[in-house]
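Colleague: model the following, please.
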Amino acid sequence: MASRFQAASLVASPSYPNAVAWSDENLIAVATGHLVTILNPALPFGPRGLITIPANKPFPIGVIERQDLYSGCLLSTCLSRDIRPCVRSISWSHIGLAPNAGCLLAICTIEGRVKLYRAPFCEFQVEWVEVVDITDMLYDYLANISFGESETAVSSDVFQPHSGKLEGNNPLQIVYKRTSKARSLKKIGEDCTYKTRSLKKIGEDCTLPLVTVNQYASRNAMLSSLVVAWSPVLCLPPETDSAPPDNSSNCFSLLAVGGKSGKISFWRVHEPLSYTVEHSRVPISVMLAGFHQAHNTWVTAISWALLTSDASSPQVLLATGSTDGSVKIWLEYSEKLLKSSEVNDPPFSLLKEVINADSVPVSVLTLIVPVQSPQKMFLAVGKGCGSFEVWICDLSIRKFDRIGSYNAHDHVVTGLAWAFDGCCLYSCSQDNSVRSWSLCGNSLDEVPIPPNTPGVKNPADDLPYLFGSCYGVAVSPGNLVVAVARGFDAGLLNPMYQARTQKAAIEFFWIGGQQLESSTNRNLEFGIENFPGFPKKELIYWECNMLWYLSQYEHLDKPLVVWDIVAALLAFKQSAPKYVELVLVKWLSVSNVESHLGLSTGNILSHASRTFSNTTTRKLHLFNIICRHVVLSELKADKINSKQPNLEEFGGAEEEKLKLWMELLLCSERELRERLVGFAFSTVLGLMSSLAAKVYRAEGWDPVGLAQMEQWVALNYDHVQDQLKLLASEVRNLDKRKLHSVCEYVAGEQCSYCSASVPFESPEIAFCQGAKCSGGVGQSHKLARCAVCMQIKAQGGRVISGVLIMAVVENAGNKVGSSSANSESADTNDFGQSQPSNHTVMQNLQQKNTNSKPILLPNDENYYSQKIPQFQQKAGSNGVAKIQMVGSFGRDREDGGDIRDLEDLLSKLNPMAEEFVPPSLANGHGWSAGAAFGYTNNFVLQANFGNANGNAGRRKRNNYNQKRRINSRTSMAQREEVIKRTVYVSDIDQQVTEEDLAALFINCGQVVDCRICGDPNSVLRFAFVEFTDEEGARAALSLAGTMLGYYPVRVLPSKTAIAPVNPTFLPRSEDEREMCARTIYCTNIDKKVTQAEVKLFFESICGEVHRLRLLGDYHHSTRIAFVEFVMAESAIAALNCSGAILGSLPIRVSPSKTPVRPRAPRPALH
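Modeller: You can find the predicted model right below:
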């Protein structure tokens, strides 16, 4: 059995096939019920994106007679029992469609709604932003054409309401009130539960026509979508007759939406002409391209493949599947689609109906045209019976061959994914099985998923292997990792801890060692011993697949997202560094050396540096990423950029090897910078020529940092090529006054802190000349330069793709050397922590070259590294509470807050903070005052009547008389005894549960109670563990530093005791235990916040609240609440609200151990 290398838990379980999708920018979307979770595989336990699907009202498609409700064509509508929205299908677009050059996510729900979402790149929130409602646009179009029906087919009768109760022959009426934001539903009938306007008043506003039952069913089917799929990017020549929309390029993608009517609607979405990360309200160009009647029944599966990328006539293949079991292949010419004037007649031609209609519906299908064989097409079709079929087509002669039908699974096939350019196929099913298949010629054979995992398993991956079903499989952009979405078997989980928070999980498996036909017959000799844990044959497969991976990314049409190759190389480096070096040397020697046999590693690397001038820019860029993040991962960025690095700490041969790689890296970066500077100079000369000729330039690139590039050429004049010297001399002779009209030209730079001049000495960092202090000592600042334009970065931070970039400032007076040695460059060398530095160029990149592709560095986790937002509540003018999103990084707010607010919020997570120590318990009120709330989930008892440090407050102590203190001496002694048996544990990972923590200390002694407190999503969580005796507590202190999850825990003697839960409040039955699963415990609630405001807060974010109990007294500065939701998923989602600002304080949310019982009726007073 294959072993996963990491996994992440999900708050809800998937329900439909293809529930997981992997984007070109290395983001994974998982459809789990009414939520879509977006996570980064580089940081599976880090920040996540979230899309909450709201409930939508049906469209006003007409009124039917009541007796027609029993017609057969309306059975699927009338028998629907879905009370909550649920995601049915998801699909990522190609990279570049979003305003920030990212991907758009299309979501289809069981209500038939299709919406497009983008990342919150400047909103400082976890919730993704809805940009377009496709179904709204579809309804507006169909309503304008009367749903394609003739005028005589629609009844001219308008429903007339009757007074009193509706009679049996009266129609069921559905009326909408259109508003600017949404539609409000008013439903009339005997079972009406909407307490709104009276029947008479609603009827007077009704203007909907009376339609037949067939018309109602047809209209409903047109608006009910089932599946979505994005086409590959298509680029049309500029001379095409169909011009793109304003502010859009000629590159576009088609979104195919299949529905219950058997039709597929196509929506054209163009790439924006320019990208931004500073403006959120950027419109997305979406237009209806046409309809196509693909099947006679529901369309359940769609897949695209690019047949030819010829700009003059791009062609795409479209595969569609239906509930009747039929599968069809269509050929589409994009140019004809744009020129077609008939929306209902798009230029699709049927290539082949590969599977005729039968009784088994199609659940999933996947289509691919291999890069190595562009005239072939591979098609895999999964069915509801558990089998799948594989077809191969020779498109040159249009010959279709059925490879075979495989009864691979026992239940419905829920996922199919091609990998390694069609050489490998992965399938999964609802029976919880995942299988791998190798395609060799015209034969498909099952092969095992590679069982060995390079490197060390993620320590935070402690999820149980208790799965019951599988709902989708997806392959990483580099084809080295496969992700599988699984649902847990609730009957096998611990109902108290696991079943409440772990509904499903996403697992990651390495497939780089997959056996393929291309690598089976290769017999490569490494010249070294086998590495431990890996057979030599599997290492050969890894080498072949990684070399294939690197060769694929040398093409410009593939986005440079290299997380999987960097992660794999880093994993191998832990146990087999020589293997990593040999793979990289072989990659460099393939194109740079005719024959690498007999040459040492040093000779190959030396020869590679001399051939960089003939190496493609993409390969140089890829080499730089791998070299910095893999080979030189132990070195800081400053040490790598230094011309004379000190590597004595490594010593011997290792030092010489590192120097060789560093020299090769600097040579490649110098070559890249020369090309960038030459391109900028050529662009400026072309702009000046156009200006002199008075030729209008429609689009292009505006270079930035021209003066700094000139200074860089002057500093490296002896090393740059002659062609670049010639271009630099021509730019130097330009009229600087005219030059300002075409680009930005800033010759002299000033320090953003002291306004001193900054000379150009290095393209990475700069030191200002500083100012003389009163003592005659000079003080200067260290500033970071942009890696592209070489200009000084602006003071403060600027958000680029959700990342806050701060300038580096250091004092460099008399201790310049030591300051430089102890400082880090802004471009840190840690993989996953490097930050984009081209913020200056991003401001001026007003136009985009339509033939280029956006390039992403492997630090994709920074793309989505926003903190979970705080919710700041303010009272509106009408008295209604408003919730405002506030960024975690101290973005400017209305109340003038800055980054110090973040420090204040984090300081409240101190385990001895006041909100975790009720004053009544801390000042000797005894058990009765502490139990005044009736619930004490996270409260702790104080030992010395004072603050958390044990210092008693004189004023508070004197407030109580001597008699009260004498009566409390017994309880004091008892509490001190309990405290001696309790330890305080901090730095607890967010994935660690109370059960896991108790298991850690089980060998120290019998654990009486274990209580985790704090933010469940923060590493700052802490806990209290109580033992039966003091010996157990003393033994637990020896476990300090033990790795639990990602972090070593700290164990100290506790100064507080755990307040026990009153046993009368614990669940007494199975129903009450189920109530606990839907209940959360919220503390630190501002006393100014009302119960209605607390309910509004949680309902607007998590879901409907069933019962809420807000408790407090005069002795506490804050209040607590128990919130019971209608759905358990809402309670799980509410745990993410911990730390959010409600009123003026950050709340703390944790699972409740007690149910919220209905209040007992009060006895009548006599």
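
Colleague: could you double-check that residue 225 lies in contact with residue 113?
Modeller: Yes - with contact defined as Cβ atoms under 8 Å, residue 225 reaches residue 113; the gap is 7.2 Å. Every residue, glycine included, has its C-beta placed from N, CA and C.

Colleague: contacts for stretch 260-267?
Modeller: With Cβ atoms under 8 Å, 6 or more residues apart in numbering as the test, stretch 260-267 has contacts from 112, 134, 137-138, 218, 220-222, 224, 226, 254-259, 286-299, 302, 320, 322, 337, 346.

Colleague: which of residue 225 and residue 113 has more residues huddled nearby?
Modeller: Under the criterion of other Cβ atoms under 10 Å, the comparison of residue 225 against residue 113 puts residue 225 first, with 26 against 23.

Colleague: is it possible to mark the buried ones in the contacts of stretch 260-267?
Modeller: Neighbour-count burial (16 or more other Cβ atoms under 10 Å) is assigned, among the contacts of stretch 260-267, to 112, 134, 137-138, 218, 220-222, 224, 226, 254-259, 286, 289-292, 294-295, 298-299, 302, 320, 322, 337, 346.

Colleague: what is the lengthiest strand in the chain packed up against?
Modeller: Ranked by residue count and defined by DSSP state E, the top strand of the chain is strand 248-259. Contact partners of strand 248-259 among helices and strands, from 3 or more Cβ pairs under 8 Å, 6 or more residues apart in numbering; DSSP states H and E: helix 134-144, helix 213-223, strand 225-230, strand 234-235, strand 263-272, strand 299-308, strand 315-322.

Colleague: pairing partners for it, with directions?
Modeller: strand 225-230 (antiparallel), strand 234-235 (antiparallel), strand 263-272 (antiparallel) (DSSP bridges).

Colleague: of those strands, which shows the lowest average pLDDT?
Modeller: Comparing mean pLDDT across the strands paired with strand 248-259, the lowest value falls on strand 234-235: a mean of 84.

Colleague: that older thread, now the strands paired with strand 248-259 as JSON lines including distance to residue 662?
Modeller: JSON lines is the format used below for the strands paired with strand 248-259 (distance: least, Cβ to Cβ, whole Å):
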{"stretch": "strand 225-230", "distance to residue 662": "42"}
{"stretch": "strand 234-235", "distance to residue 662": "40"}
{"stretch": "strand 263-272", "distance to residue 662": "38"}
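
Colleague: nearest to residue 390, of those?
Modeller: strand 225-230 (19.6 Å; Cβ to Cβ).

Colleague: relative to strand 299-308, how tilted is that closest one?
Modeller: 20 degrees (axes from the mean of the first three to the mean of the last three Cα atoms, to 10 degrees).

Colleague: just to revisit the earlier point, deepest-packed of the strands paired with strand 248-259, please.
Modeller: strand 225-230 (a mean of 24; mean count of other Cβ atoms under 10 Å).

Colleague: mind listing residues that contact that one?
Modeller: Applying Cβ under 8 Å, 6+ apart, the external contacts of strand 225-230 come out as 88-94, 106-108, 112-114, 134-135, 253-260, 298-304.

Colleague: swap in 6 Å and give it another go.
Modeller: Here strand 225-230 makes contact (Cβ atoms under 6 Å, 6 or more residues apart in numbering) with 89, 91, 93, 106, 108, 112, 114, 253, 255-259, 298, 302, 304.

Colleague: rewinding a little: nearest to residue 15, out of the strands paired with strand 248-259?
Modeller: strand 225-230 (13.6 Å).

Colleague: name the SS class of residue 620, please.
Modeller: helix (DSSP: H, G, I helix; E, B strand; the rest coil).

Colleague: how much space separates the nearest residue to it once chain neighbours are set aside from residue 554?
Modeller: Excluding its sequence neighbours, the residue lying closest to residue 620 (Cβ to Cβ, 6 or more residues apart in numbering) is residue 668, at 4.9 Å. As for residue 668, its distance to residue 554 is 14 Å (criterion: Cβ to Cβ, to the nearest Å).

Colleague: ok so, going back, right, so of the strands paired with strand 248-259, which gets closest to residue 120?
Modeller: Of all the strands paired with strand 248-259, strand 263-272 comes closest under Cβ to Cβ, at 17.3 Å.

Colleague: run the angle between the closest one and strand 315-322 for me.
Modeller: 140 degrees.

Colleague: let's see strand 263-272 as PDB, backbone CA atoms only.
Modeller: Once non-C-alpha atoms are left out, strand 263-272 reads as follows in PDB (Å, rounded to 0.1, in the frame of the first residue of the first chain):
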ATOM      1  CA  LYS A 263     -27.500  21.400 -23.700                       C
ATOM      2  CA  ILE A 264     -24.100  22.900 -23.100                       C
ATOM      3  CA  SER A 265     -23.800  26.700 -22.800                       C
ATOM      4  CA  PHE A 266     -20.400  28.200 -23.600                       C
ATOM      5  CA  TRP A 267     -19.200  31.400 -22.000                       C
ATOM      6  CA  ARG A 268     -16.200  33.300 -23.300                       C
ATOM      7  CA  VAL A 269     -13.900  34.800 -20.700                       C
ATOM      8  CA  HIS A 270     -11.000  37.000 -21.900                       C
ATOM      9  CA  GLU A 271      -7.700  37.600 -20.100                       C
ATOM     10  CA  PRO A 272      -7.400  41.200 -18.900                       C
END
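
Colleague: shaky segments in the stretch 451-600 of the chain?
Modeller: 456-461, 517-533, 591-599 (pLDDT under 70).

Colleague: strands along that one, start to end?
Modeller: 467-475, 481-488, 504-510 (DSSP state E, counting those that start in this stretch).

Colleague: TSV for those strands, including mean neighbour count and distance to residue 606?
Modeller: TSV is the format used below for the strands of the stretch 451-600 of the chain (neighbours: other Cβ atoms under 10 Å; distance: least, Cβ to Cβ, whole Å):
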stretch	mean neighbour count	distance to residue 606
strand 467-475	23	37
strand 481-488	26	34
strand 504-510	24	33
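
Colleague: out of these, which is closest to residue 1141?
Modeller: Of all the strands of the stretch 451-600 of the chain, strand 504-510 comes closest under Cβ to Cβ, at 30.1 Å.
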